[in-house]
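Engineer: with the input below, show me the fold.
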Amino acid sequence: MLAAMQCCWTRERSAPSWAHIGRYVTVVVENPCDIHNLERIRRICGVFGIRDVRLIQETTKPEDPRCQKALDLLGRRNPTPGAEECRVLPSTALCLEELAAEGVRSLATTLEGPSASLYDLDFVADGQKLALWFGQEKHGLSSEAVSAAHSRIFVPMVGMVQSLNVAASLAVIL
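Structural biologist: Numbers count the residues shown, from 1 in each chain. As a prediction, the model looks like this:
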């Protein structure tokens, strides 16, 4: 097992794999509510060179005033150095339409329904751009986002914990 992990963590292996990830990956967060998680997501995307970060604020689902407050605060703050700007969209449907028009394949992070371990999925098999969808911690992704996704993935875990913080999940998946 150690030999398998070493081949993935060498400088030669990691540099070409991650050098251009930002060109091929879009991060989508649906109905975010925590300003601190949004800041972490922006920083993580900056680390990996991901420039396309979309936040969906659909106020009808779920109706939570904290969601709008987080996005309002994010818009007023100066960006964290190295963090990416986020584009706010009014609906999941609009985001799905944009991604389809751009030829982007969507992967939904969910514990529901048939999902593949992130370790079993070939993210770059077809060279197509990829959108990683993350839901709000309390409610997860909407059924609209999950059903429109080309694939569903989860982060495998052991123990009693079933899920991670949304920013931690993003970091693990990337």
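Engineer: quick one: least confident helix or strand in this structure?
Structural biologist: Of all helical and strand segments in the chain, the minimum by mean pLDDT, DSSP states H and E falls on helix 2-9, at a mean of 40.
Engineer: those helices in this protein, which residues are they?
Structural biologist: 2-9, 11-18, 21-24, 35-47, 65-76, 92-101, 143-148, 166-173 (DSSP state H).
Engineer: pick out the shakiest of those helices, pLDDT-wise.
Structural biologist: Note on the helices of the chain: lowest mean pLDDT is at helix 2-9, with a mean of 40.
Engineer: list the buried residues in stretch 89-97.
Structural biologist: Residues 89, 91-92, 95-96 are the ones in stretch 89-97 that count as buried (16 or more other C-beta atoms under 10 Å). The C-beta positions use only the backbone N, C-alpha and C, and glycine is treated the same way.
Engineer: let me fix that, I meant to ask about stretch 34-53.
Structural biologist: 34-35, 37-46, 48, 50, 52-53.
Engineer: and the nearest residue to V146 once chain neighbours are set aside, what are its bridge partners?
Structural biologist: In space, and not counting its chain neighbours, V146 is closest to A108: 4.8 Å by C-beta to C-beta, 6 or more residues apart in numbering. Beta-bridge partners recorded for A108 (DSSP bridges): W133, R152.
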